[in-house]
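Q: whatever this is, show me its structure:
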Amino acid sequence: MAEHFLSSSCGNDSVAMMVKAVREGVPNITVTYCHTGWASEKWGARIELVKAWALAHGCKFAELNKDGLTFEQLVEKKKGFPMPGKTWCSLHPKAIPFLMWADEVDPEFKAVVMIGKRRDESPARRDTPEWIESSEHHGGRKVWHSLAYVTETERNEILSSEGFEILPGRSEECTPCVNANRKDMVRMQRRDIDKTLALEGRTGQNMFRPHHHMGAQGFEQVIRWAHSPRGKYEPPEVESTCTEGYCE
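A: This next block holds a predicted model:
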């Protein structure tokens, strides 16, 4: 029977995919989690919870990239943050470590890779196929989007039935994510705000583009933008460095 490599961020969808797979008797499941070095302060507890459930239900659990490149190291190496929609931030801490591991344990490329994409997640994913016979992004392995036709309500029922917390937003494996929205930022803890400010300071770059956040410059201002009523944020005035007074 084929091995099944379940790619997990420990977020809502991938955890529901794990539970559903176990219930349906999918054989030889290995749940994989790739460490990014940029997770929220509380995310370690979530990983341990998912790991414990997986092991208790006959799955294997592989933690990848524990000693590999972190998000911070990549940002410093590239001297800037990734743009939203660009993939290098997930390529190095996640995709490459997963493929290296998969090639080592499955050198004949016979395993099935399970990914938790759902069609009702977004317009961009509404045509997600349940099966890809040979995925170029996974070494030519077969990919199974086993949640493709599962709705958000159905997913939440799966999670609740096993006592898993339904997270209010995306996985916190990367916090903040370059694609974070206002709701994600409102939930940010002080430690994660401070680590982002420190990384901005070391690189001299803003993680989030001011024109997407009503002119907010730097993460501290972006957090103020997130907590402001929609459309009401006003960036602080920048003091003039001119001493002549000709333009007053």
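Q: when you work out contacts or count neighbours from here on, use the C-alpha atoms and nothing else.
A: Noted.
Q: need the phi and psi values for Pro123.
A: With angles defined as degrees, to the nearest 10, Pro123 shows backbone torsions of phi -60, psi -30.
Q: elements contacting the least confident helix or strand in the chain by mean pLDDT?
A: One helix or strand of the chain scores below all others by mean pLDDT, DSSP states H and E: helix 88-90, with a mean of 83. With contacts defined as 3 or more C-alpha pairs under 8 Å, 6 or more residues apart in numbering; DSSP states H and E, helix 88-90 has no helix or strand neighbours.
Q: how far away from the center of its chain is that helix?
A: 10 Å (C-alpha atoms, centre = their mean, to the nearest Å).
Q: in terms of helices and strands, where is Phe98?
A: Here Phe98 sits within helix 96-105, counting by DSSP states H and E.
Q: contacting residues around that helix?
A: By C-alpha atoms under 8 Å, 6 or more residues apart in numbering, the residues outside helix 96-105 that reach it are 32, 34, 64-65, 109, 138-139.
Q: again, but for stretch 28-47
A: 1-10, 18, 54, 58-66, 69-72, 93-94, 97-98, 172-176, 189, 191-192.
Q: do the same with stretch 17-24
A: Under C-alpha under 8 Å, 6+ apart, the answer for stretch 17-24 is 6, 31, 54, 57, 115-116, 146-147, 158-159.
Q: for that stretch, give the mean pLDDT please.
A: Mean pLDDT, computed over stretch 17-24, is 98.
Q: ok so, going back, and which of the contacts of helix 96-105 is nearest to Phe164?
A: The nearest member of the contacts of helix 96-105 to Phe164, counting by C-alpha to C-alpha, is Thr32 at 18.0 Å.
Q: tell me the SS of Leu74?
A: Recorded secondary structure, Leu74: helix (DSSP: H, G, I helix; E, B strand; the rest coil).
Q: domains of this protein?
A: 4-161, 177-248 (automatic domain parsing).
Q: thought His145 was touching Arg125?
A: No - assessed by C-alpha atoms under 8 Å, His145 is found out of contact with Arg125, at 11.1 Å.
Q: and these two? which has more neighbours close in?
A: His145 (19 against 13; other C-alpha atoms under 10 Å).
Q: look up how far Leu6 lies from the more buried one.
A: Separation of His145 from Leu6 (C-alpha to C-alpha, to the nearest Å): 10 Å.
Q: what sits in contact with each of these two?
A: 114-115.
Q: tell me how many other residues crowd Glu187.
A: You called it Glu, but residue 187 is Arg. Using other C-alpha under 10 Å: Arg187 sits among 13 other residues.
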